[in-house]
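**Student:** Coordinates for the following, if possible.
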Amino acid sequence: NIIYPYLRGNAFVYRTLQRLGVTLFTEPLMDEKIASIPNVFLAIVPAWEAKKVINMCEEVVKKSWEELATDVLEKRLKNPNEKSIGLKNIEEYKKQIELFPIINSTMIPLPDSVSGVRNIIEYVTTDKNFINEFESYISFIEFIESKGGYKINAGSFYRYVFKVLTSRLNAIKTIRYFYPYQSDEQIGAQRIPDDFGAGVRACVEVLDTAGNEVKVDYLGTVNTVKRFLRDVLVSKKLFDERVGFKSVLEIALENDVNKEIAEEVVSGELELDAVETQQKLKNGYIAVLMMDGDRMGKLVSGESAPTMDKMLHDKAVQTLKEIRNNDPGGNFFFDKPILTPSYQKAVSRTLGIFSSLVQYVVEDEYQGMLIYAGGDDVLAILPADKVLPCANKIRKMYSGIGNVELKVDNTTYKFDNGILYKNDIPYTTMMGPTATMSAGISIINHKSPLRVAIELARKQEQRAKEKLGRNAFSIAIVRRSGQIQEVGSKWEIDGMDVIEKSYELYQKSEQFKLSHRSFYKILESDLELAKEDEKFLERVIEYILRKSDAKSKKSEEFKSFTKELKEYAKRVFATSSVLEKPSNPFDLILTVRFTKRGDKRGGN
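**Tutor:** Okay, here's the model as predicted:
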């Protein structure tokens with residue numbers, strides 16, 4: 001019984017079973033080109049087969065990896081006609097095959113007796129709080145059983161056994177064995193590290209030719225296999241050769257200001273890789289989006305699961321409360337969450353449904369390319385001008401809020417009040433309004449190294465969680481000059497959708513022909529004073545707008561705009577001022593402007 005991840009809607013699993021003669025009734029929503037299987041698995045199996053299952057899984061994974069790596073070696077690296085391979089070090093490539101993968105695994109019995117669980121807990125931990133809680137819980141369930149209620153069985157102890165299981169796995173990962181790797185190998189008389197930071201020497205020079213430009217990547221074995229994985233799978237008839245992947249230039253062309261150029265490319269008037277196409281680009285910026293559920297460890301471990309008083313029947317709760325009143329020393333665990341395999345499977349299923357729908361937001365609505373969507377993790381590349389609304393919609397889908405809609409073929413999905421509706425009929429619960437996501441975004445010119453953009457997005461995701469307190473997004477903008485600017489906020493402030501409001505105010509500022517330079521006139525000294533007096537910020541905004549070159553400044557519409565701008569700035573500044581250095585509350589509006597226009601001198 002696989003608890004995590006939810007595999008029923010997974011395209012890779014569906015196609016694999018289909019090749020083995022098993023066809024599931026429901027076809028998956030997500031394309032098999034999207035990586036979607038997480039690297040953590042949890043299952044309940046017969047105790048006498050547990051070790052066998054672990055060994056079989058490890059053997060299959062390692063064997064599949066060796067086959068893929070060998071295929072790339074034989075069909076690419078050793079092929080004298082392969083134009084995408086430059087220099088190579090075959091011996092180093094073979095050596096690195098053995099380094100991957102490292103698989104950590106453990107198992108634990110699920111006893112059906114108090115003594116069995118007690119022995120496990122006492123053997124692996126000396127945590128007095130944990131042991132005391134367990135003993136109190138035992139007293140509680142023994143009391144229930146003595147009154148003719150719930151009979152003690154293996155499921156009674158799942159919460160505690162699972163905690164021990166995860167502790168064991170974490171301990172194994174902490175002291176895990178790494179295959180010894182030391183290399184002085186060269187490629188082209190140079191000692192070069194893997195460009196993507198894999199901790200190994202580069203052993204293959206991969207050439208990517210676009211027009212007259214040749215881009216060179218120096219890769220280790222794992223990243224070389226990744227680079228040619230699609231072609232290997234196609235040759236094995238494990239992947240549809242008609243399925244392709246967008247280039248970063250194609251994604252940049254999807255910025256709205258590039259619409260005319262994109263149409264010329266589609267019609268054949270311009271070649272995609274032509275120098276003229278690059279020169280005509282008005283906005284050459286793309287964005288890497290990385291999203292992750294907040295406090296997922298607590299959700300999966302059951303710390304955020306429903307408490308006992310929410311799970312039991314009202315009459316049972318009332319009876320237990322009456323007993324507790326007569327026995328003030330009794331601990332009836334009303335405030336303790338109940339963790340069961342069915343709860344974890346429900347969370348897993350919800351995450352599976354969520355991730356299967358992300359592709360339609362990223363690719364169909366916002367013309368991006370989804371790289372990974374598995375569980376609560378999302379990685380995508382998007383046109384710069386579409387990344388913020390895309391991220392905003394994804395986080396609402398995850399929580400099941402905002403009354404947002406998504407159309408997939410003839411089906412309409414709606415997310416509201418923590419529920420997913422399918423053609424207006426309740427379909428399933430989502431993660432709920434209290435379950436949130438954080439996002440890291442990097443905005444960078446499409447010619448810049450993609451690995452830099454990915455690393456920046458990862459750091460911004462950490463910033464959103466650690467500096468902005470989760471339920472937030474953080475953006476790093478890399479300008480043509482090389483300057484990097486960080487901007488971020490909570491998704492919502494006092495009920496205000498920050499991204500939606502930023503776009504709305506940007507559009508209104510454009511309507512009033514308000515120069516963006518006006519937003520830069522708020523100085524650091526103004527922000528320091530605003531920390532002491534919130535009215536000061538309002539007065540500064542009134543002064544700047546009064547002195548601006550905006551049109552229709554005496555109209556009621558402009559007065560309304562001024563009021564909205566002040567309220568927006570006040571709310572955004574209130575949250576940003578908790579940082580060591582409060583930021584300009586208009587940075588987000590300026591970021592929206594930048595994503596839509598690119599650099600002043602053009603985005604190419």
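**Student:** Now do the contacts for I90.
**Tutor:** Residues in contact with I90 (C-beta atoms under 8 Å, 6 or more residues apart in numbering) are 73, 77-78, 203. Every residue, glycine included, has its C-beta placed from N, CA and C.
**Student:** Any regions of the stretch 501-604 of the chain where pLDDT drops low?
**Tutor:** 523-525, 576-582, 600-604 (pLDDT under 70).
**Student:** go on, the stretch 51-200 of the chain?
**Tutor:** Checking the stretch 51-200 of the chain against pLDDT under 70 turns up 176-179.
**Student:** Quick check: closest non-adjacent residue to Y160.
**Tutor:** Spatial nearest neighbour of Y160, chain neighbours left out: F134 (5.5 Å); criterion: C-beta to C-beta, 6 or more residues apart in numbering.
**Student:** Quick check: buried residues in the helix or strand hosting the one you found?
**Tutor:** Using DSSP states H and E, F134 falls within helix 128-146. Going by neighbour count (16 or more other C-beta atoms under 10 Å), the buried part of helix 128-146 is 133-134, 137-138, 140-141, 144.
**Student:** still on that earlier bit, turn the contacts of I90 into JSON lines, columns for neighbour count, secondary structure and distance to Y427.
**Tutor:** Output for these, formatted as JSON lines (neighbours: other C-beta atoms under 10 Å; DSSP: H, G, I helix; E, B strand; the rest coil; distance: C-beta to C-beta, whole Å):
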{"residue": "L73", "neighbour count": "20", "secondary structure": "helix", "distance to Y427": "46"}
{"residue": "L77", "neighbour count": "17", "secondary structure": "helix", "distance to Y427": "48"}
{"residue": "K78", "neighbour count": "12", "secondary structure": "coil", "distance to Y427": "51"}
{"residue": "C203", "neighbour count": "28", "secondary structure": "coil", "distance to Y427": "49"}
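**Student:** would you list those residues in JSON lines and tack on distance to V45?
**Tutor:** Putting the contacts of I90 into JSON lines (distance: C-beta to C-beta, whole Å) gives the following:
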{"residue": "L73", "distance to V45": "35"}
{"residue": "L77", "distance to V45": "39"}
{"residue": "K78", "distance to V45": "41"}
{"residue": "C203", "distance to V45": "39"}
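**Student:** Out of the residues you listed, which two are the most distant from each other?
**Tutor:** Pairwise distances across these peak at 13.4 Å for K78 and C203 (criterion: C-beta to C-beta).
**Student:** these two touch, right, the residue nearest to Y160 and K163?
**Tutor:** No: counting by C-beta atoms under 8 Å, F134 stays clear of K163, with 9.5 Å between them.
**Student:** still on that earlier bit, let me see the contact set for the residue nearest to Y160.
**Tutor:** Contacts of F134 (C-beta under 8 Å, 6+ apart): 117-118, 121, 160.
**Student:** With secondary structure and distance to F25 added, can I get those in CSV?
**Tutor:** Shown next, in CSV, are those (DSSP: H, G, I helix; E, B strand; the rest coil; distance: C-beta to C-beta, whole Å):
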residue, secondary structure, distance to F25
V117, helix, 39
R118, helix, 44
I121, helix, 42
Y160, helix, 37
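**Student:** By neighbours, which of these wins?
**Tutor:** The residue in the contacts of F134 with the most neighbours, by other C-beta atoms under 10 Å, is V117 (24 neighbours).
**Student:** check contacts around that residue.
**Tutor:** V117 makes contacts with 111, 134, 157, 160-161, as judged by C-beta under 8 Å, 6+ apart.
**Student:** do I3 as well
**Tutor:** Each residue near I3 by C-beta under 8 Å, 6+ apart is listed here: 42-44, 341, 344-345, 348.
**Student:** Taking the contacts of F134, tell me the two that lie furthest apart.
**Tutor:** Farthest apart among the contacts of F134 by C-beta to C-beta are R118 and Y160. That separation is 9.7 Å.
**Student:** Okay, strands next: where are they in the stretch 101-250 of the chain?
**Tutor:** Secondary structure of the stretch 101-250 of the chain (DSSP state E, counting those that start in this stretch): strands at 204-210, 213-219.
**Student:** between the ones you listed, which one is nearest to L468?
**Tutor:** The nearest among these, by C-beta to C-beta, is strand 213-219 at 33.4 Å.
**Student:** Can you tell me the strand partners of the closest one and which way each runs?
**Tutor:** Here strand 213-219 is paired, per DSSP bridges, with strand 204-210 (antiparallel).
**Student:** Count the neighbours of I286 for me.
**Tutor:** Residues lying near I286 (other C-beta under 10 Å) number 30.
**Student:** For it, name its beta-bridge partners.
**Tutor:** Residues in a beta bridge with I286, per DSSP bridges, are P383, I444.
**Student:** measure it to A569 for me?
**Tutor:** The gap separating I286 from A569 is 29 Å, by C-beta to C-beta, to the nearest Å.
**Student:** for F415, same thing?
**Tutor:** For F415, the distance to A569 equals 30 Å [C-beta to C-beta].
**Student:** Next: P585.
**Tutor:** 4 Å.
**Student:** Tell me which of the two has more neighbours.
**Tutor:** Neighbour count, other C-beta under 10 Å: between P585 and A569, P585 has more, with 26 against 23.
**Student:** Surely the more buried one touches E538?
**Tutor:** No: P585 is not in contact with E538 according to C-beta under 8 Å; the separation is 11.1 Å.
**Student:** what touches both of those two?
**Tutor:** Common neighbours of P585 and E538 (C-beta under 8 Å, 6+ apart) are 569-570.
**Student:** tally of neighbours for the closest residue to L17 other than its chain neighbours?
**Tutor:** Sequence neighbours aside, L24 is the residue nearest to L17 in space, at 6.6 Å (criterion: C-beta to C-beta, 6+ apart). When neighbours are defined as other C-beta under 10 Å, L24 has 12 of them.
**Student:** got the phi/psi numbers for L24?
**Tutor:** Backbone torsions for L24, taken as degrees, to the nearest 10, come to phi -80, psi 160.
**Student:** just M311 next, same as before
**Tutor:** Main-chain dihedrals, M311, degrees, to the nearest 10: phi -90, psi -30.
**Student:** How about the contacts made by S235?
**Tutor:** By C-beta under 8 Å, 6+ apart, the contact list for S235 reads 71, 75.
**Student:** On the three-state scheme, G86 is what?
**Tutor:** Secondary structure state of G86, per DSSP: H, G, I helix; E, B strand; the rest coil, is strand.
**Student:** hang on, it packs against C203?
**Tutor:** No: applying C-beta under 8 Å, one finds G86 not in contact with C203, separated by 11.7 Å.
**Student:** Just the CA trace of stretch 235-247, in CSV.
**Tutor:** The C-alpha coordinates for stretch 235-247 follow below in CSV (Å, rounded to 0.1, in the frame of the first residue of the first chain):
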residue,chain,number,x,y,z
SER,A,235,15.0,5.6,-29.1
LYS,A,236,13.6,3.1,-26.6
LYS,A,237,10.1,4.0,-27.6
LEU,A,238,9.4,5.2,-24.1
PHE,A,239,8.7,8.8,-25.1
ASP,A,240,6.7,10.4,-27.8
GLU,A,241,9.2,12.0,-30.3
ARG,A,242,6.5,14.6,-31.3
VAL,A,243,6.8,16.1,-27.8
GLY,A,244,9.3,19.0,-27.7
PHE,A,245,10.5,21.5,-25.2
LYS,A,246,10.6,25.3,-25.6
SER,A,247,13.9,27.1,-25.9
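**Student:** What mean pLDDT does it get?
**Tutor:** The pLDDT scores in stretch 235-247 average 85.
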